[in-house]
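Undergrad: Here's my sequence, what's the structure:
(one chain, ligands or ions: 1)
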Amino acid sequence: MRVIIKPDYETVSKWVANYVVYHINKFRPTPERLFVLGLPTGGTPIGMYKELINLYQKRKVSFENVATFNMDEYIGLPPSNPQSYRFFMEENFFKHVNLKPQNIHMLNGLTKDYEKECRNYEKAIKDLGGVNLFIGGVGEDGHIAFNEPFSSLRSRTRVKTLTESTRQANARFFENNIEKVPTTAITVGVGTIMDSAEVLIMITGENKAEALQHAIEGNISHVWTVSALQMHPHGLIVCDKDATKKLSSETVAYFMDIEKNNF
Ligand code: PGA
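TA: I've put the predicted structure just below:
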């Protein structure tokens, strides 16, 4: 696993956006061979999306031959609801870049047939040859996508019940009213994410320090689903200084040294 430690949220966001652009350009995608990008929502990736839009406007990247798969969606919120992840993605990214609508994939939280929706999502990823780069954030309890503690580390796309702590954390987007936060979501599984050629997890802020510590120094455990990254051949964590507060000084020194000249 690689761990890149940056001074603050802004430098993390810029680093990750540049990394995404570098990978898309290196891949040289064509209409027949799309670059497949997995994407998160939440507070963490907003800075990365801003920088991706900036790089797109400066013509450093085109999304014409990029396909996207978002991680998750609340059940019961229509795309017109500002708290739905579809709405978030439109506002923060999709409407600003040249992604083709047919290449944007999001789980439908209003589907009448969840099993079919999940099956089709997994198939759509497979049909495109798998995800090249999955970008994610992490919850305070170590969840990736909505894979709450005790989710199977081999799980696939499915419906999950959200924990009280996740709903509490997300209440900030729902007028600080936990009652308004949906109780279930449809989410890719840990296994779905881990099948990607590369997985990059952004971890910023002191409130994520415990999750980062478990991700890097803890055991692989379904209690902290982010720890599954330890089994991935190309796992990358990009974090800020605040998030490293619970790591040992040796761990921090090791990664600061070994990654000092790397992209
Ligand atoms: P956040 O959420 O980026 O809003 O902190 C991350 C997550 O819960 O996965």
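Undergrad: residue contacts, the most centrally placed residue in the chain?
TA: Central residue of the chain (C-alpha atoms, centre = their mean): residue 136, 1.8 Å from the mean position. Listed by C-beta atoms under 8 Å, 6 or more residues apart in numbering, the contact set of residue 136 reads 38, 40, 71, 144, 145, 193, 199, 200, 201, 202. All C-beta spots, glycine's among them, are computed from the backbone N, C-alpha and C.
Undergrad: One more pass at 7 Å, please.
TA: Contact analysis of residue 136 by C-beta atoms under 7 Å, 6 or more residues apart in numbering lists 40, 71, 144, 145, 193, 199, 201.
Undergrad: and if you look at residue 193?
TA: Residues counted as contacts of residue 193 (C-beta under 7 Å, 6+ apart) are 38, 134, 136, 144, 145, 199.
Undergrad: before we move on, the earlier item: hmm, which of the contacts of residue 136 are the buried ones?
TA: The neighbour-count criterion (16 or more other C-beta atoms under 10 Å) marks 40, 71, 144, 145, 193, 199, 201 among these as buried.
Undergrad: Can you give me the distance of the closest residue to the second one other than its chain neighbours to residue 33?
TA: Counting by C-beta to C-beta, 6 or more residues apart in numbering, the nearest residue to residue 71 once its immediate chain neighbours are dropped is residue 145, at 3.9 Å. Taking C-beta to C-beta, to the nearest Å as the criterion, residue 145 is separated from residue 33 by 26 Å.
Undergrad: Determine whether any part of the longest helix along the chain lies close to the ligand.
TA: If you go by DSSP state H, the chain has its longest helix at helix 9-27. No: under the criterion of C-beta under 6 Å from any ligand atom, the ligand is not reached by helix 9-27; the shortest gap measures 10.7 Å.
Undergrad: elements contacting the one helix or strand in the chain whose mean pLDDT sits lowest?
TA: Every helix and strand of the chain was ranked by mean pLDDT, DSSP states H and E. The lowest is helix 164-170, at a mean of 94. Using 3 or more C-beta pairs under 7 Å, 6 or more residues apart in numbering; DSSP states H and E as the contact test, no helix or strand touches helix 164-170.
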